[in-house]
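Chemist: Sequence and predicted structure are below.
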Amino acid sequence: MLITGGETTAPGTALLIAAAPVGKGRLVDAGAVLPALAAVPPSALTGTPAATVVELADPLDPQTVLTRIRAAATAEGPLFLYVAGQLQLDRRQRLPHLALARTTPTTLRYTALPWHWLASELTIRRPGTTTVVVDLVTAPEVWRRLADEGPRLLALGSAIRLYGRVAPPPDRREAVVPSYLAACAAIWRSGARPDPTALHEQAALQSDSAGALFLAPAAAMPVPAAVPPQGAAAPAPAPVEDPHPAILAAAQAGRHGEAAAVAAAWEQRELRAYGPGSLQAVHWLEVRADLARLAGDPALSCELWMAAADTRLTRQQTADDPDVEGAVDRAHHQWEQIADPERARAAAPRLVALRQRVPGRQRGALRVLRRRLEQLHASPPVAG
């Protein structure tokens, strides 16, 4: 459902996601809070005079959720993600996932949304413009990891504000209600418009807090130190200005060449400072890959994502590492968007080799890749 309100050309955006398995595996009645949130003026959800609100109730497929998040991440104004649902742990990688309608313990890897995908998709946004508000119930294995690692397990990065409640597994069989988000909705419907921190504090007091963990930006991972300029013996006295906002603004304005050039310059800076294969350098390689996607150049985006995957594998990151899988999955997706058969055929051998090493979470990805490659080889060449 799409709702709009206000009269400004750059509205805020709110994405409401309510997700939980259907059947006996459901720990939370996530969708129960959507009517209360839908009754809130759209501007209250984003803190802006104008707002666009998108609801996603009981989604079936992680790619559908990912597509909605990716689309929301391109919004120019403030972005708020409200997530009600339950967290489960992948048995293979031991990573938290947001369970979806078809999720079961045995199909989690293919039917749930990996939590780290949120951070990955929101990386390119300008720091301080993205807020994620969660009301989550955990499966027992997730709660045990939270007891050991604390909020760091769910951290989305220093540039993203994360608020909310994470509740332990319910004792009874009945699914619990997202009382934290319900409290937020009640506060807004009363006419109050507190800032996110004050809203969080009020909602935490009004919700079911028995044994729950409450998240706020102060509990997030620390902000990394600024990168010193080349040749400097110590960090510069003032932080280096974050280049991501200007790069994203250029890309959104259609100045794709400018955005790519700035990102490439930062990649070279990190290569000089930290060396080839460093995480700092591979970050900018991945930024360039995503900029190529935004510019409508899937062939280049595919090549850059493959280069990022190769770099991470060379760093001895494992084939089931989320960052490695993410890079290969994105390369595969971009390859499928290449319209020119010759360019697709040229990129295919390297992608096939990567897929053999990194099967990914989607069953049969290598088989699908090979099938399309066979179709490309069977297609007659385009006359020049």
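Modeler: Great, that's in hand. Residues are numbered from 1 along each chain as shown.
Chemist: What are the buried residues along stretch 329-338?
Modeler: 329-335, 338 (16 or more other C-beta atoms under 10 Å). C-beta coordinates here come from the backbone N, C-alpha and C atoms, glycine included.
Chemist: Need the residues that contact that stretch.
Modeler: 289, 292-293, 298-299, 301-302, 305-306, 309, 344, 347-348, 351, 354-355, 360-362, 365, 369, 372 (C-beta atoms under 8 Å, 6 or more residues apart in numbering).
Chemist: which helix in this protein runs the most residues?
Modeler: Counting by DSSP state H, the longest helix found in the chain is helix 256-274.
Chemist: what does that helix contact?
Modeler: 227-228, 230, 243, 246-248, 250-251, 278, 280-281, 283-285, 287-288, 291-292, 294-295.
Chemist: Tabulate the CA atom coordinates of it in CSV.
Modeler: Extracted in CSV, the C-alpha atoms of helix 256-274 (Å, rounded to 0.1, in the frame of the first residue of the first chain):
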residue,chain,number,x,y,z
HIS,A,256,27.1,9.3,-13.0
GLY,A,257,30.5,10.0,-14.4
GLU,A,258,31.2,12.5,-11.7
ALA,A,259,30.0,10.1,-9.0
ALA,A,260,32.2,7.3,-10.4
ALA,A,261,35.2,9.5,-10.6
VAL,A,262,35.0,10.6,-7.0
ALA,A,263,34.5,7.0,-5.8
ALA,A,264,37.5,5.9,-7.9
ALA,A,265,39.6,8.6,-6.4
TRP,A,266,38.7,7.5,-2.9
GLU,A,267,39.5,3.9,-3.9
GLN,A,268,43.0,5.0,-5.0
ARG,A,269,43.4,7.0,-1.7
GLU,A,270,42.6,3.8,0.3
LEU,A,271,44.9,1.7,-1.9
ARG,A,272,47.8,4.0,-1.1
ALA,A,273,47.0,4.2,2.6
TYR,A,274,46.1,0.6,3.3
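Chemist: Mind checking the pLDDT average for that helix?
Modeler: Here helix 256-274 scores 83 as its mean pLDDT.
Chemist: Beyond that helix, next helix or strand please.
Modeler: helix 279-294 (DSSP states H and E).
Chemist: Now do that next one and helix 256-274, the angle between them.
Modeler: 170 degrees (axes from the mean of the first three to the mean of the last three C-alpha atoms, to 10 degrees).
Chemist: pLDDT at Ala289, what is it?
Modeler: Model confidence at Ala289, given as pLDDT, is 92.
Chemist: That one and Phe80: what is the separation?
Modeler: As judged by C-beta to C-beta, to the nearest Å, Ala289 and Phe80 stand 27 Å apart.
Chemist: and if you look at Val368?
Modeler: Taken as C-beta to C-beta, the span from Val368 to Phe80 is 35 Å.
Chemist: Then Pro170?
Modeler: Distance from Pro170 to Phe80, by C-beta to C-beta: 27 Å.
Chemist: For the two, work out which one has more neighbours and name it.
Modeler: The neighbour comparison of Pro170 against Phe80 (other C-beta atoms under 10 Å) goes to Phe80, with 24 against 14.
Chemist: mind saving the C-alpha coords of the helix or strand that one falls within as CSV?
Modeler: Phe80 is located in strand 79-89, with elements delineated by DSSP H and E. C-alpha atoms of strand 79-89 as CSV (Å, rounded to 0.1, in the frame of the first residue of the first chain):
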residue,chain,number,x,y,z
LEU,A,79,14.4,7.2,5.4
PHE,A,80,12.7,5.4,8.3
LEU,A,81,12.4,1.6,8.3
TYR,A,82,9.9,0.1,10.8
VAL,A,83,10.3,-3.6,11.2
ALA,A,84,8.1,-6.0,13.3
GLY,A,85,9.0,-9.6,13.2
GLN,A,86,11.1,-12.4,14.6
LEU,A,87,14.7,-13.3,14.4
GLN,A,88,16.1,-16.8,13.8
LEU,A,89,19.6,-18.0,13.5
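Chemist: what secondary structure does Leu136 sit in?
Modeler: Recorded secondary structure, Leu136: strand (DSSP: H, G, I helix; E, B strand; the rest coil).
Chemist: Excluding residues flanking it in the chain, which one is nearest it?
Modeler: Val166 (4.9 Å; C-beta to C-beta, 6 or more residues apart in numbering).
Chemist: Listing partners with orientation, what would you give for the helix or strand hosting the one you found?
Modeler: Secondary structure from DSSP H and E places Val166 in strand 160-167. As defined by DSSP bridges, the strand partners of strand 160-167 come to strand 130-138 (parallel), strand 213-215 (antiparallel).
Chemist: relative orientation of the longest one and strand 79-89 in degrees?
Modeler: In other words, strand 130-138. 30 degrees.
Chemist: continuing past strand 130-138, what's the next helix or strand?
Modeler: Taking DSSP H and E, what comes next after strand 130-138 is helix 140-149.
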